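Enquirer: Structure for this input, please:
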Amino acid sequence: MSDATPATSFDGTAIDNESLLDPAPDTLHASTSKSNVLQWIAVSILVYFLVCAVGLIGSGFKAATGDEAKEMFAFATNPFAGLVVGTVATALIQSSSTVTSIIVGLVAGGLPVSVAVPMVMGANIGTSITNTIVSLGHVREKKEFARAFSAATVHDFFNLLSVVIFLPLEMAFGFLEKIGGALAGLFVVENASMGSMNFVKAATAPVVGTAKHYALDLGDAVGGTLLIIGGVFLIFMTIHYVGKLLKHLMVGKAKEIMHSAIGKGPISGIISGTIVTVFVQSSSTTTSLMVPLAGSGAFGLKQIYPFTLGANIGTCITALLAATAVEGNANAALQIAFIHLTYNVLGVLVIYGIPFLRFAPVRAAQWLGATAAENKFVALAYILGVFFVIPGICLGISSLV
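Expert: Residues are numbered from 1 along each chain as shown. Modelled structure (predicted):
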């Protein structure tokens, strides 16, 4: 016999005691929706600071090196040296947009286009170091790290394969230079400036500008170094928390929305990667955002792969914008900007279009990810070797020849 007495409402109707303990479904749904909205807002804010971090690194490097930032390109008189310089410079700055913009300015100032072509190819390789470093944030979980490191290095292997295919062809026939010249000839640029259309730069200017103001009061060298360190730290922090938030958000409807943009097929993935990178003007940022998604298992490597290819294409917008605002040989500047775009588009069409080449970067990345997960020193050796040690040795040898 129970002593429990049902609760009653004002009109005497019995109320189920359990209903007093359990919130109504509508209340739970509203609470969950509100939480999801707040988490997406948090992701957006973190992405904003991630873009700011890339700007801090670029600004810091330019401040710390001064005019030497340009001089590091000027001695690359042969294609191989140009490739290595583009790779190392972009690995240091962690922004191919910054490097290609400098190259555009150098070409406008008289650097031969033929010398600049290997540099923009190298910039593609160097920019992929950012997402490779980001993947180290998953190093504690073996399976998660294997997925994340594979997702990061698939971009590396694609860009390396693209160079292996196109650099010899360019050295033999100069076809990229010819295509870029033809495309530049279709446009007449007279005192045009599209700098005001760089919405992302304008949006991040308050944060980056304020940081530069206070840091550079300490001197260009010290302040620039602090900006670089701060930018790197900010990248790690933002990516860490973006990964955590996305793990919670990648369920239900949110996951379906992401799949509609990335996981719907290769063409959709390439287009999505291109559009997102055009908006943030940083392929490093775009591809880095994919690493936590792959690490958490929300997306497979073959779904992430086309998105990174689109990022290669989207990052060309910065050089094109820079080419419209340069002083000097504007036609040559526009030519190298179009060469950058042509190279990345052809890379996607050739490598992804030929069946036996299509998934070669994926297979290589999967093998490296599994190997690095078993031995963490492999990951460190890969990053230092591919982006710094091997290019440095090759650059030294080429300077002696």
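Enquirer: Next, count neighbours for the nearest residue to residue 63 once chain neighbours are set aside.
Expert: Excluding its sequence neighbours, the residue lying closest to residue 63 (C-beta to C-beta, 6 or more residues apart in numbering) is residue 224, at 3.4 Å. Using the backbone N, CA and C atoms, a C-beta is placed for each residue, glycine as well. Using other C-beta atoms under 10 Å, the number of residues around residue 224 comes to 24.
Enquirer: Surely residue 224 is in contact with residue 56?
Expert: No - with contact defined as C-beta atoms under 8 Å, residue 224 does not count as touching residue 56 (10.0 Å).
Enquirer: Relative to residue 131, how far out is residue 295?
Expert: 11 Å (C-beta to C-beta, to the nearest Å).
Enquirer: and for the two, which residues touch both?
Expert: Common neighbours of residue 295 and residue 131, using C-beta atoms under 8 Å, 6 or more residues apart in numbering, are residue 151.
Enquirer: For the two, indicate the residue with more neighbours.
Expert: For the pair residue 295 and residue 131, the greater number of neighbours falls to residue 131 (30 against 27), based on other C-beta under 10 Å.
Enquirer: Tell me which other helices or strands the helix or strand harbouring the more buried one touches.
Expert: Here residue 131, judged by DSSP states H and E, is contained in helix 129-134. Of the remaining helices and strands, those touching helix 129-134 by 3 or more C-beta pairs under 8 Å, 6 or more residues apart in numbering; DSSP states H and E are helix 142-173, helix 220-249, helix 283-296, helix 376-384.
Enquirer: and residue 200, what pLDDT?
Expert: Among the per-residue scores, residue 200 shows a pLDDT of 55.
Enquirer: cool, residue 196 as well?
Expert: pLDDT at residue 196 comes out at 45.
Enquirer: What of residue 369?
Expert: 92.
Enquirer: ok, it touching residue 144?
Expert: No - applying C-beta under 8 Å as the test, residue 369 and residue 144 come out as separate, 10.5 Å apart.
Enquirer: Those two - which one has more neighbours?
Expert: Counted by other C-beta under 10 Å, residue 369 and residue 144 do not tie: residue 369 has more neighbours, with 25 against 20.
Enquirer: what's the closest non-adjacent residue to that one?
Expert: residue 150 (3.1 Å).
Enquirer: So the one you found sits against residue 365, correct?
Expert: Yes - counting by C-beta under 8 Å, residue 150 touches residue 365, with 4.4 Å between them.
Enquirer: quick one, which of those two is more surrounded?
Expert: Of the pair residue 150 and residue 365, residue 150 is the one with more neighbours under other C-beta under 10 Å, namely 29 against 24.
Enquirer: quick one: the more buried one and residue 344, what's the gap?
Expert: With C-beta to C-beta as the criterion, residue 150 and residue 344 are 22 Å apart.
Enquirer: what does residue 374 give?
Expert: Applying C-beta to C-beta to residue 374 and residue 344 gives a distance of 33 Å.
Enquirer: Tell me which of these two has more neighbours.
Expert: Counted by other C-beta under 10 Å, residue 374 and residue 344 do not tie: residue 344 has more neighbours, with 25 against 9.
Enquirer: do you know how far that one is from residue 100?
Expert: 11 Å.
Enquirer: Which parts of this structure are strands?
Expert: Along the chain, counting by DSSP state E, strands occupy 7-8, 14-15.
Enquirer: pLDDT averaged over the first one, what's the number?
Expert: Strand 7-8 shows a mean pLDDT of 50 in the predicted model.
Enquirer: And for stretch 291-307?
Expert: In the prediction, stretch 291-307 has an average pLDDT of 83.
Enquirer: residues contacting the nearest residue to residue 39 once chain neighbours are set aside?
Expert: Leaving out its chain neighbours, the residue that sits closest to residue 39 by C-beta to C-beta, 6+ apart is residue 245, at 5.2 Å. Contacts for residue 245 were tallied using C-beta under 8 Å, 6+ apart; they are 39, 42-43, 46.
Enquirer: Go again with 6 Å.
Expert: Residue 245 makes contact with 39, 42-43 under the criterion C-beta atoms under 6 Å, 6 or more residues apart in numbering.
Enquirer: ok, and the most crowded of those?
Expert: Ranked by the number of neighbours (other C-beta under 10 Å), the contacts of residue 245 place residue 43 first, at 18 neighbours.
Enquirer: Disregarding residues adjacent in the polypeptide, which is nearest to it?
Expert: residue 245 (5.2 Å).
Enquirer: Show me the shaky parts of the stretch 151-300 of the chain.
Expert: By pLDDT under 70, the low-scoring segments of the stretch 151-300 of the chain are 188-201, 232, 235-236, 239-240, 242-243, 246-263, 279-282.
Enquirer: which of the helices and strands packed on helix 129-134 sits most buried?
Expert: A comparison of the helices and strands packed on helix 129-134 by mean neighbour count, using mean count of other C-beta atoms under 10 Å, puts helix 283-296 on top with a mean of 27.
Enquirer: so how far is it off the chain centroid?
Expert: Once both centres are worked out by C-alpha atoms, centre = their mean, to the nearest Å, helix 283-296 turns out to sit 8 Å from its chain's centre.
Enquirer: Pretty sure residue 181 sits against residue 335.
Expert: Yes - when contacts are counted by C-beta atoms under 6 Å, residue 181 is listed as touching residue 335 (5.2 Å).
Enquirer: Could you check which of the two has the larger neighbour count?
Expert: A direct count of neighbours by other C-beta under 10 Å for residue 181 and residue 335 places residue 335 higher, at 27 against 18.
Enquirer: where's the more buried one relative to residue 231, distance?
Expert: With C-beta to C-beta as the criterion, residue 335 and residue 231 are 31 Å apart.
Enquirer: and what of residue 90?
Expert: The separation that residue 90 has from residue 231, given C-beta to C-beta, amounts to 15 Å.
Enquirer: And for residue 238?
Expert: 11 Å.
Enquirer: Pick out the residue nearest the middle of the protein.
Expert: With distances taken as C-alpha atoms, centre = their mean, residue 284 lies nearest the centre of the chain, 1.7 Å away.
Enquirer: for residue 180, what are its contacts?
Expert: 335, 338-339.
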